[in-house]
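Undergrad: coords below, sequence missing:
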C-alpha cells in the first residue's frame, strides 16, 4: 500500500440522475487533488460514463483514441467478461493518466459503453434475468475485479453517467461514500430526494441492507437570492430527523474559470485551476477522503 496507508482503497462514487451538475468535473478534480495534494494518494478513476469526458481529460485525446481503437476501454472488459465469458482482468485496462502519472490512473470509457450496456441487458434478460439480477451480475463482477485493485490504490473513484443504470447501480453498491453534486436551484433539485432514496438502500444483499446516506455537494453556487434560499432548504432537509442526504461543508462557487476549464479541449491531461479553484477542490477532497476513511474503518458500512 502506498504512503504507509494500512487500509485497502476507499471507494467513492460521484453520481446524480440529472446531467449538467458537474459530476465529471468533480470526479476528476477530486482525483487530481488527492493525487497531487498533501495526501499523495494513489488514485484510480473508473469511468462508467459513455460520454468518456473523464477519460478524455485524464488520458488526453490521442491516448484515449488509441486505447479505444485497441479495445482497451471498459466497454470491452464488460463485454468480454459477461457476454463472451472470456477470462479477463479489469487491471489490464488501467492506464496512467497524462498528468501526475505516478499516482493518478484511469480505466477509460468510450462511446461504445452505452451500446454494450444495452447488449448486457438483452443478453442477460434472454437468460431470464430481471433488471435487479442484471445489476447484481455487474456489481458482483466489479466487486471481484476490485479485489486486487483495492490493494494497489488508496482511492478508487467511479465517475458515473446521468440517470440510474446497471453500471451506476453497481458503483453505488460498492462505494464507501456517494457524492451527489447538484446546483442549488429549483430545477436541479426536483429529483434529488428520489435519487438519494435509491442510493440509500443500494445493496447486493437487499434483505440485510443498511441505509447509507449520500453526501450532497452544492456546485456552481451563485451569490443570488434564489441559490441562497435553495441552500437553506437543502441544509434544513439534511439536518432533519428523517433526512435522505447529508450536506458536505465545502461548496463550489460558480466560476467562469472552472466552467471554461471543464469545457476545454486543451487541458493536456490536467484541470489547471487557479489558486482559488484549486483550494476549493483541495478542501472538498480532504472532506470526502475523511468521510470515506471513517466509513471504511467502521464496523459497518453505514454512512
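TA: Yep, it's here. These numbers were taken from a predicted model, which means no experiment stands behind them. Numbering: from 1, shown residues only.

Undergrad: can you show me the helices along the chain?
TA: Taking DSSP state H as the test, the helices found in the chain are 23-36, 53-59, 61-69, 74-78, 113-125, 131-152, 166-174, 192-200, 225-238, 256-262, 275-297.

Undergrad: comparing those, which yields the minimum mean pLDDT?
TA: Averaging pLDDT over each of the helices of the chain singles out helix 256-262 as the lowest, with a mean of 75.

Undergrad: that one packs against which elements?
TA: helix 23-36, helix 275-297 (3 or more C-beta pairs under 8 Å, 6 or more residues apart in numbering; DSSP states H and E). Where you see a C-beta, it was placed from the backbone N, CA and C, and this is true even at glycine.

Undergrad: need the winner for burial among those.
TA: helix 23-36 (a mean of 26; mean count of other C-beta atoms under 10 Å).

Undergrad: tell me the angle it makes with helix 275-297.
TA: For helix 23-36 against helix 275-297, the angle by axes from the mean of the first three to the mean of the last three C-alpha atoms, to 10 degrees is 80 degrees.

Undergrad: and helix 23-36, what does it pack onto?
TA: strand 10-14, strand 43-48, helix 53-59, strand 104-107, strand 155-160, strand 177-182, helix 256-262, helix 275-297.

Undergrad: turn those into CSV, columns for distance to residue 198.
TA: What follows is those, written out as CSV (distance: least, C-beta to C-beta, whole Å):
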stretch, distance to residue 198
strand 10-14, 12
strand 43-48, 16
helix 53-59, 22
strand 104-107, 24
strand 155-160, 13
strand 177-182, 10
helix 256-262, 26
helix 275-297, 19
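
Undergrad: nearest to residue 93, of the ones you listed?
TA: strand 104-107 (5.0 Å; C-beta to C-beta).

Undergrad: quick one: the closest one to chain centroid distance?
TA: 13 Å (C-alpha atoms, centre = their mean, to the nearest Å).

Undergrad: next: stretch 217-233.
TA: Distance, centroid of stretch 217-233 to centroid of chain: 23 Å (C-alpha atoms, centre = their mean).
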